[in-house]
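Asks: One predicted model, sequence on top.
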Amino acid sequence: MSDEEVVYALRWNNNIAVAMFALISYEYILQFENEVKFVWTKPWSLMTYLYLVVRYFGIFLVWACCM
């Protein structure tokens, strides 16, 4: 691969990562009211912790890919 192809591929990858971050953030904002209603206000259990880890680990990974 030439240097131009590598730069093009890296830019494409970065653009896709930023788009995914935007879409996932939008979905999180839309669902935040339901999350507060059904998760945050209930008694905390192991499943609550697992749900939050899985939910927010995904956005952390996408954010890390954007950097």
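Replies: Perfect, thanks for sending it.

Asks: burial measure for Gln61, as a count.
Replies: Just to correct that, residue 61 is Leu rather than Gln. For Leu61, the neighbour count with other Cβ atoms under 10 Å is 14. (C-beta placed from N, C-alpha, C; glycine too.)

Asks: quick one: what helix or strand has it in it?
Replies: Using DSSP states H and E, Leu61 falls within helix 46-66.

Asks: That helix packs against which elements?
Replies: If contacts are counted by 3 or more Cβ pairs under 8 Å, 6 or more residues apart in numbering; DSSP states H and E, helix 46-66 sits against helix 3-35.

Asks: tilt between the helix it packs on and helix 46-66?
Replies: Per axes from the mean of the first three to the mean of the last three Cα atoms, to 10 degrees, the angle that helix 3-35 makes with helix 46-66 is 150 degrees.

Asks: Just name whatever secondary elements helix 3-35 is in contact with.
Replies: So helix 3-35, by 3+ Cβ pairs under 8 Å, 6+ apart, packs with helix 46-66.

Asks: Show residues contacting the helix it packs on.
Replies: With Cβ atoms under 8 Å, 6 or more residues apart in numbering as the test, helix 46-66 has contacts from Asn14, Ala17, Val18, Met20, Phe21, Ile24, Ser25, Tyr28, Glu35, Val39, Lys42.
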